[in-house]
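*Asks:* Structural data only, the sequence is not supplied:
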């Protein structure tokens, strides 16, 4: 190999050596980044495992907190009277946002705007305070079958005057023997009172503190939204007093220790979180394996390059040594 060719070969090997060294340095930094990612993943995993879920106990099991449990089923008040759906045991406990505004469903907001006008709700879906005198009219749009006057009467502890016509019938023969007028005021009043007891604190608090519907889309599409928001503080549970304002010193801890709600970790959620964690660990491990293989290949190539560089340098030195620089003939 001539001197010029050896010099070219030496330059080529030196350039490739630099590429290998750069590749090793980059991969080393990438491995360090994966180590940090693994550490962050482990911390996130522990955080997720420790995250609490707000639940309530009904029908022999723990259930994730939801809007219907806290605030009812909109214009369908039958679950309140029939007990066909689980409802809170404390009617004064309601759901508010971090501003203290009552979180209302679209049906409840519609009942308010029907009475107060569409201007009662702004473009964001929030409404301000209003007079409690309007509550009977608002409830009449939710509790169908009863007038605002009926509702106002029961709110004011008055009994409804209700009578129905009935027939007298022989229970053995089935023969109709006459007719009668039955006073059902007590039963009708008791049923309406039960519904009012549930709904009135909601709208009383809305009248005193304002209300909002801006979270309804998120609540409808995310089953965890309410529970997560209560834990984070974006939503709050409030206890409504007789004037519609909230009782002081009623944090989430108060409602948990009072037995109104439960704070717990769902075992099913833990299994999902663990499965996610294992999948992420595997993804990081695959990246590390690829980097290890690439680094091993680069190291092997670098050793070979260094050996060949030494060999080429020897050839160059031998070629140069045949000349006697600086001698005279």
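*Replies:* Received the coordinates, thanks. Every value quoted in this text rests on a predicted model; they were computed, and no experiment measured them. Numbers count the residues shown, from 1 in each chain.
*Asks:* which residues of the stretch 101-250 of the chain fall in helices?
*Replies:* Assigned by DSSP state H, counting those that start in this stretch, the helices in the stretch 101-250 of the chain fall at 106-116, 135-140, 148-155, 185-209, 216-221, 225-232.
*Asks:* Quick one: these as JSON lines, columns for distance to residue 95 and mean neighbour count too.
*Replies:* In this view, the C-beta of every residue, glycine as well, is placed from N, C-alpha and C. Output for the helices of the stretch 101-250 of the chain, formatted as JSON lines (distance: least, Cβ to Cβ, whole Å; neighbours: other Cβ atoms under 10 Å):
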{"stretch": "helix 106-116", "distance to residue 95": "11", "mean neighbour count": "18"}
{"stretch": "helix 135-140", "distance to residue 95": "18", "mean neighbour count": "23"}
{"stretch": "helix 148-155", "distance to residue 95": "22", "mean neighbour count": "19"}
{"stretch": "helix 185-209", "distance to residue 95": "9", "mean neighbour count": "20"}
{"stretch": "helix 216-221", "distance to residue 95": "10", "mean neighbour count": "13"}
{"stretch": "helix 225-232", "distance to residue 95": "7", "mean neighbour count": "19"}
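*Asks:* May I see the buried residues of stretch 21-30?
*Replies:* Neighbour-count burial for stretch 21-30 flags 23, 27, 30 (criterion: 16 or more other Cβ atoms under 10 Å).
*Asks:* so can I have TSV of the helices of the stretch 101-250 of the chain showing distance to residue 62?
*Replies:* Compiled in TSV, those are given as follows (distance: least, Cβ to Cβ, whole Å):
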stretch	distance to residue 62
helix 106-116	27
helix 135-140	32
helix 148-155	35
helix 185-209	22
helix 216-221	20
helix 225-232	12
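*Asks:* Tabulate the ones you listed (CSV), appending distance to residue 9 and mean pLDDT.
*Replies:* Output for those, formatted as CSV (distance: least, Cβ to Cβ, whole Å; pLDDT from 0 to 100):
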stretch, distance to residue 9, mean pLDDT
helix 106-116, 79, 96
helix 135-140, 91, 96
helix 148-155, 98, 94
helix 185-209, 83, 93
helix 216-221, 66, 94
helix 225-232, 65, 90
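*Asks:* Many thanks, we can stop here.
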